[in-house]
Structure formats: C-alpha cells, structure tokens
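Q: sequence? don't have it. structure:
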C-alpha cells in the first residue's frame, strides 16, 4: 500500500477485513476481470491463496471467507501472465541488482512456488523489469543488506510489483554461481561499516 501511495505500479489490490462470501463474489465485477485472487495479508508458500472465477461455486466462496475470518485478506485481479510468462524474482544486495529467476506454475495450477509444483529457472529480465524493482527498493526508508522484488506483467505488458520480500526471503543463490560471493562481500562490507543497519 505504501509503495502504491509513493507512485509505484503494483498489482491492483484491495485490503479486506474479514470479507464475506458475498464480498468475495463481487471482486471480479469490481475490476471487470474474469478471475480474482484472495490471499492472506501475512502468509507464505501461497497457503490459503484462492483463485476465484466470476462464477465461483458457493462452497469455494464460503471456504475462502472462512479462511479470512477475523483477519485481513489481500484481493487482486488474477494476472494471466503468471500462467504463460511467470513471476520474476529479482535479488538485490546492498541495493544493487545481483541476479534473477523466473518462477512458473505447473500445468493446471496458478501457484509458482516449488511446494506446489512450480518451476524455477535463471533469467535475465528486461531493463524495464529491473528498473521497476530498483525504483521500488529506493522507496524503502533505510538501506537494505538484501532484498527480493517479485514482479509480474500486467495485461498492458507493464511490470508491476507483486511483493517486496525483506525478511528472510529465498535469494536463489544456487541459480547464479557468482551470487554467493557477491552476497558474502555485501555482508563483509556491512560488518566493516559501523553505521550500516544490518
């Protein structure tokens, strides 16, 4: 929400408190989109992430509403490019771009996480995708020892922030042979700088 308020392009998002099944059923109308996704405000591995079509069955809507009872949910239009392009994860050390991976879901699923059968490969994103991630990190209030920006492509082709991972994200070091050395150098430099917020 703060990134959006700062003028960055994020995946369109609604923050919903204890949404009812009726509220969830209206999401596709709200964005005039065939599908929506609802997920926890705080979560991991796409647990309790629901893909809701415009004609979602009542039992699916009730299941989603039950999952978010007494908590906050994030609702977004389903981004189709996740299926045919994937989700980019860009890793930064001390604010500098290091490397990236592309995560794609298994056939018949929408979740890109390995735990759900998703695939991961090394990739060099286009300059506009890197620039989108760099701009988003510049809005953070302090220097970051490490960070991961997850980016997807909107229907227009514009890169948009899916999320910024700052607390113990997977850094996919095994997908870039030089990245462990870059990360170690970043840590050593931070240790040599007393005022670094590491």
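A: Received the coordinates, thanks. Owing to the predicted nature of the structure, the values given are computational and were not obtained by experimental measurement.

Q: per-domain residue ranges of this protein.
A: For the chain, the structural domains run 1-78, 81-176, going by the TED database.

Q: what mean pLDDT does the shortest one have?
A: Here domain 1-78 scores 91 as its mean pLDDT.

Q: my guess is residue 76 meets residue 15, correct?
A: No: at 10.5 Å, residue 76 does not count as touching residue 15 under the criterion of Cβ atoms under 8 Å. (C-beta placed from N, C-alpha, C; glycine too.)

Q: quick one: which of the two has more around it?
A: residue 76 (20 against 11; other Cβ atoms under 10 Å).

Q: if I look at the more buried one, how far off is residue 180?
A: Residue 76 sits 34 Å away from residue 180, going by Cβ to Cβ, to the nearest Å.

Q: on the three-state scheme, residue 130 is what?
A: Per DSSP: H, G, I helix; E, B strand; the rest coil, the local secondary structure of residue 130 is helix.

Q: spatially nearest residue to it, not counting backbone neighbours?
A: In this structure, residue 130 finds its nearest non-sequential neighbour in residue 97, 5.7 Å apart by Cβ to Cβ, 6 or more residues apart in numbering.

Q: are we agreed that the one you found is in a strand?
A: Yes: assessed by three-state DSSP, residue 97 belongs to a strand.

Q: tell me the contacts of the nearest residue to residue 135 once chain neighbours are set aside?
A: Leaving out its chain neighbours, the residue that sits closest to residue 135 by Cβ to Cβ, 6+ apart is residue 8, at 6.3 Å. Shown in contact with residue 8 (Cβ atoms under 8 Å, 6 or more residues apart in numbering): 132, 135-136, 139, 161.

Q: same deal with residue 23?
A: Residue 23 touches residue 16, counting by Cβ under 8 Å, 6+ apart.

Q: mind checking which helix or strand it is in?
A: Assessed by DSSP states H and E, residue 23 sits inside helix 21-25.

Q: before we move on, what about residue 164?
A: strand 159-165.

Q: show me what that strand is packed against.
A: helix 127-138, strand 146-153 (3 or more Cβ pairs under 8 Å, 6 or more residues apart in numbering; DSSP states H and E).
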